[in-house]
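Chemist: sequence unavailable; structure follows:
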């Protein structure tokens, strides 16, 4: 299995995914880490919390994600609202927040910051106008809300 997932312009390193807390929520729902192709950013919240003489900055994002391998009208198409918390965010850049924020991928890789003497996640998403990029020290999948609850309630209706 390749250690590189996602689209070439939005690379995802398997080693980085392995470090994400709560990743099993997404992997369990989709059968693997989703590509976030044509996902939509539903909500993005910046949080600041004082810690001693400094402040920790976090970013929470809720994405509308779905299985791109199934047709939109297929009862097998899985979709969800996925909330991800990115902790200790630095070097944040956000451009063109709009009324609808579709993205063509969510890149998650690792890099060494010698100045901080730390290994950080390098996160980037966008592709259709709305672009976000930052580094952070921790990623947590906080919640996943299945938007197809009736599939589980009535499996006899599925093909």
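Modeler: Done, it's in. Please read these numbers as outputs of a predicted model, since none were measured by experiment.
Chemist: please enumerate the strands of this structure.
Modeler: Using DSSP state E, the strands of the chain run over 4-7, 10-13, 39-51, 54-66, 79-87, 90-95, 102-103, 106-113, 118-125, 131-136, 138-146.
Chemist: dihedrals phi and psi, the nearest residue to residue 57 once chain neighbours are set aside?
Modeler: Spatial nearest neighbour of residue 57, excluding adjacent residues (CB to CB, 6 or more residues apart in numbering): residue 89 at 4.7 Å. The way it works is simple: take the backbone N, C-alpha and C, and place the C-beta from them, glycine included. With angles defined as degrees, to the nearest 10, residue 89 sits at phi -80, psi 140.
Chemist: from memory residue 60 sits against residue 82, does it?
Modeler: No: the criterion here is CB atoms under 8 Å, and residue 60 misses it with residue 82 at 11.2 Å.
Chemist: between the two, which is the more surrounded one?
Modeler: It is residue 82, of residue 60 and residue 82, that has more neighbours when counted by other CB atoms under 10 Å, with 25 against 16.
Chemist: can you name the residues in contact with the lengthiest helix in the chain?
Modeler: If you go by DSSP state H, the chain has its longest helix at helix 23-30. For helix 23-30, the external contacting residues (CB atoms under 8 Å, 6 or more residues apart in numbering) are 17, 33-34, 65, 67, 78, 80, 82, 141, 143-144, 146.
Chemist: just the buried residues of those residues.
Modeler: Buried by 16 or more other CB atoms under 10 Å: 17, 33-34, 65, 67, 78, 80, 82, 141, 144, out of the contacts of helix 23-30.
Chemist: which intervals of the chain have sub-threshold pLDDT?
Modeler: Low-confidence segments of the chain (pLDDT under 70): 1-7, 52-56, 149-159.
Chemist: which ones are touching the closest residue to residue 88 other than its chain neighbours?
Modeler: Leaving aside its sequence neighbours, residue 88 sits nearest to residue 137 (CB to CB, 6+ apart; 4.2 Å). Contacts for residue 137 (CB under 8 Å, 6+ apart) come out as 87-88, 118, 120-121.
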